[in-house]
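Novice: Turn this into a structure:
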Amino acid sequence: MRRPLLQTGRLLLRPLQASDEAALVLALNDWEVARWLAVVPHPYGSADFHDFLRHAEPGIVWTIQAQDGLAGLIENDGVLGYWLARRAWGRGYATEAARAILAAHFTDPAAGAVASGYFEGNDRSAAVLRKLGFAISGYMIRRSRARPGQDQLSCRMHLTRAAWEAASPA
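Specialist: Next up, the predicted model:
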């Protein structure tokens with residue numbers, strides 16, 4: 001079951017809207033955000049946003065809305081991906097949002113494992129995934145659209161239902 005709206009203690013996870021363009025484009029044009037993302041080009045423009053908006057399916061892609069505005073984006077189509085605007089770093093938003101998405105995912109008794117990963121050097125993302133119960137499944141060389149022509153080592157991870165339940169707060 002897809003849930004397009006999810007609420008946590010501090011965040012609203014909601015579908016992406018056209019009105020999110022300015023905040024999203026601004027956040028993704030920060031090199032310190034974009035450099036860790038595989039599928040996001042840098043620089044990121046209005047055309048990139050509108051192309052993504054056409055494909056951002058509610059219940060699979062959510063904006064992370066904090067009290068002070070758009071904090072980032074999170075997606076789960078069997079692969080968990082997320083990013084936060086730099087102003088939202090260090091507040092626990094990625095972990096909080098991902099916990100809500102994964103809890104919704106695993107309410108389906110037929111839901112399978114979830115994959116994710118991070119580029120080598122992205123210690124923040126590695127820490128989030130470990131907190132959620134993800135385990136390393138291997139490494140691969142991957143390209144990033146923000147870094148054309150540069151191969152990067154990527155740590156691939158997976159989360160089983162059993163690992164999710166073991167890592168989830170009671």
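
Novice: longest helix of the chain?
Specialist: Assignment by DSSP state H gives helix 93-106 as the longest helix of the chain.

Novice: residues in contact with that one?
Specialist: 1, 3, 6-11, 13, 62, 64, 66, 71-72, 74, 76, 80, 82, 84, 111, 114, 124-125, 128, 131-132, 159, 161, 164-165, 168-169 (C-beta atoms under 8 Å, 6 or more residues apart in numbering). Where you see a C-beta, it was placed from the backbone N, CA and C, and this is true even at glycine.

Novice: Pull out the buried positions in that helix.
Specialist: For helix 93-106, burial by neighbour count (16 or more other C-beta atoms under 10 Å) applies to 93, 94, 96, 97, 98, 99, 100, 101, 102, 104, 105, 106.

Novice: In strands, which of the contacts of helix 93-106 fall?
Specialist: Within the contacts of helix 93-106, residues falling in strands by DSSP state E are 6-7, 13, 62, 64, 66, 71-72, 74, 76, 80, 82, 84, 114, 159.

Novice: Report the buried members of the residues you listed.
Specialist: So, of those, 6, 13, 62, 64, 66, 71-72, 74, 76, 80, 82, 84, 114, 159 end up buried under the neighbour-count rule (16+ other C-beta under 10 Å).

Novice: Quick check: the two most widely separated of the residues you listed?
Specialist: 66 and 159 (24.3 Å; C-beta to C-beta).

Novice: Buried residues, the worst-scoring helix or strand of the chain on mean pLDDT. List them.
Specialist: Within the chain, no helix or strand scores below strand 147-159, which has a mean of 91 by mean pLDDT, DSSP states H and E. Buried positions in strand 147-159, judged by neighbour count with 16+ other C-beta under 10 Å: 147, 152, 154, 155, 156, 157, 158, 159.

Novice: Check what pLDDT residue 144 gets.
Specialist: Listed pLDDT for residue 144 reads 87.

Novice: Not counting sequence-adjacent ones, nearest residue to it?
Specialist: residue 38 (5.2 Å; C-beta to C-beta, 6 or more residues apart in numbering).

Novice: And for residue 125?
Specialist: That would be residue 118: by C-beta to C-beta, 6+ apart, it lies 3.8 Å from residue 125.
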